[in-house]
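Next one to model:
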Amino acid sequence: MKRVSVLMGGPSAEREVSLNSGANCAAALKEAGYKVSTIDVTRDLPALLKTIKAQKPDVLFNALHGRWVEDGNIQGILNYLGIPYTHSGVMASSIAMDKPMAKRLFADAGLRCPKGVLLHKSEVMKGDPLPRPYVVKPANEGSSVGVQIITKSSNARPFDGIEWPYGEFVLCEEFIQGRELTAGVMGDRPMAVTELKVDGGFYDYAHKYTDGVTQHLCPAPLRDDIAQEAMRMALVAHQTLGCRGVSRCDFRYDDTNGDDISRLYLLEINTQPGMTAQSLVPEQAKHLGISYPELVSWMVEHAACDA
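Numbering: from 1, shown residues only. Purely as a prediction, here's the structure:
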């Protein structure tokens, strides 16, 4: 029986999501027959190393989200320890969290992404950096933390009425109207496409993790070639960054003037998709006939360190 330690919590803005994901994963792994322990990760690195040493896991299940724990930092520590861990390694994790760098690589791979520019926060505050509507987002956060949509009809400006503890540089992108889609990848195969129907606003942090406020349509009601293109792009993005295990790509599809495959845009990739009760990858796995315990078991059995 393999011993699995689930890493959860962490110091990022996504701590609560990680605790939720980790608890779900731990329960499913126990159901699947593994000997499971959990570790609430904080900034106390000596304590983390001491706990890992005491638990003596065969595999570390990485259920952490956000900066410092999803961006290659924790992955480097796990590589040094030589204990196989789930999800992507240092390089893929670091690049995926660095949204401007990931966009460059996606463009080189021929993937359509919204036009964007990386600016210092002070430059954005001087005036609109792009024609409205446009999106303002942190350059290195996940779960739509800090994302703002600056609309044509609003007098609002970036950062109005909000705190911005997300760094000095900001990614500004053209806003793509239309439908919100997401596609998971499991190893070397795309999973499915889900459409996210939000009642007002967009698929932000609250909509992602509040039960009942977003409708998930899986599989998405799309023309087959559009769905296949989304899954192809998700797989190419996964492979371009060298991701391992499970990832998930988010898309916008503008069909306001009819179906047009060239209006499908990759927004970003998530190397540590959520595993809460509202999360999309477990939902897509279920659609494929893969239960939650089977999904996390697959992730454990495909755990690895960087070569």
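
What segments of this structure are strands?
Ranges of strands in the chain, per DSSP state E, are 3-9, 35-41, 59-62, 116-120, 134-138, 148-150, 169-174, 179-186, 189-198, 214-217, 246-253, 264-270.

got JSON lines for the ones you listed, with distance to E301 too?
C-beta: built from backbone N, CA, C; applies to glycine. Formatted as JSON lines, the strands of the chain follow (distance: least, C-beta to C-beta, whole Å):
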{"stretch": "strand 3-9", "distance to E301": "11"}
{"stretch": "strand 35-41", "distance to E301": "15"}
{"stretch": "strand 59-62", "distance to E301": "9"}
{"stretch": "strand 116-120", "distance to E301": "38"}
{"stretch": "strand 134-138", "distance to E301": "34"}
{"stretch": "strand 148-150", "distance to E301": "41"}
{"stretch": "strand 169-174", "distance to E301": "36"}
{"stretch": "strand 179-186", "distance to E301": "12"}
{"stretch": "strand 189-198", "distance to E301": "16"}
{"stretch": "strand 214-217", "distance to E301": "27"}
{"stretch": "strand 246-253", "distance to E301": "13"}
{"stretch": "strand 264-270", "distance to E301": "22"}
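
Comparing those, which comes out most buried?
Across the strands of the chain, averaging neighbours per residue (mean count of other C-beta atoms under 10 Å) puts strand 59-62 on top, at a mean of 26.

elements contacting that strand?
For strand 59-62, the helices and strands in contact under the criterion 3 or more C-beta pairs under 8 Å, 6 or more residues apart in numbering; DSSP states H and E are strand 3-9, helix 15-31, helix 73-81, helix 292-301.

quick one on the thing from earlier: any idea which of the strands of the chain gets closest to D225?
strand 264-270 (10.1 Å; C-beta to C-beta).

Convert the closest one to PDB, keeping the C-alpha atoms and dropping everything else.
What follows is strand 264-270, C-alpha atoms only, in PDB (Å, rounded to 0.1, in the frame of the first residue of the first chain):
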ATOM      1  CA  LEU A 264     -11.700  30.500 -30.500                       C
ATOM      2  CA  TYR A 265      -9.000  32.000 -28.200                       C
ATOM      3  CA  LEU A 266      -6.900  30.300 -25.500                       C
ATOM      4  CA  LEU A 267      -6.800  32.500 -22.400                       C
ATOM      5  CA  GLU A 268      -4.400  30.500 -20.100                       C
ATOM      6  CA  ILE A 269      -3.400  27.100 -18.800                       C
ATOM      7  CA  ASN A 270      -3.800  25.900 -15.200                       C
END
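
Give me the contact list for it.
Defining contact as C-beta atoms under 8 Å, 6 or more residues apart in numbering, one finds that strand 264-270 is touched by 96, 99, 102, 106, 111-114, 142, 176, 181, 226, 229-230, 233-234, 237-238, 241, 243, 247-254.

Among those, name the buried ones.
For the contacts of strand 264-270, a neighbour count by 16 or more other C-beta atoms under 10 Å gives the buried set as 96, 99, 102, 106, 111-114, 142, 176, 181, 226, 229-230, 233-234, 237-238, 241, 243, 247-253.

can the helices and strands packed on strand 59-62 go into TSV with extra columns for distance to L222 and mean pLDDT?
Putting the helices and strands packed on strand 59-62 into TSV (distance: least, C-beta to C-beta, whole Å; pLDDT from 0 to 100) gives the following:
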stretch	distance to L222	mean pLDDT
strand 3-9	34	98
helix 15-31	28	95
helix 73-81	34	96
helix 292-301	24	97
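
I'd like those as JSON lines, with distance to S122 appended.
Shown next, in JSON lines, are the helices and strands packed on strand 59-62 (distance: least, C-beta to C-beta, whole Å):
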{"stretch": "strand 3-9", "distance to S122": "33"}
{"stretch": "helix 15-31", "distance to S122": "29"}
{"stretch": "helix 73-81", "distance to S122": "27"}
{"stretch": "helix 292-301", "distance to S122": "42"}
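
Okay then, goodbye and thanks.
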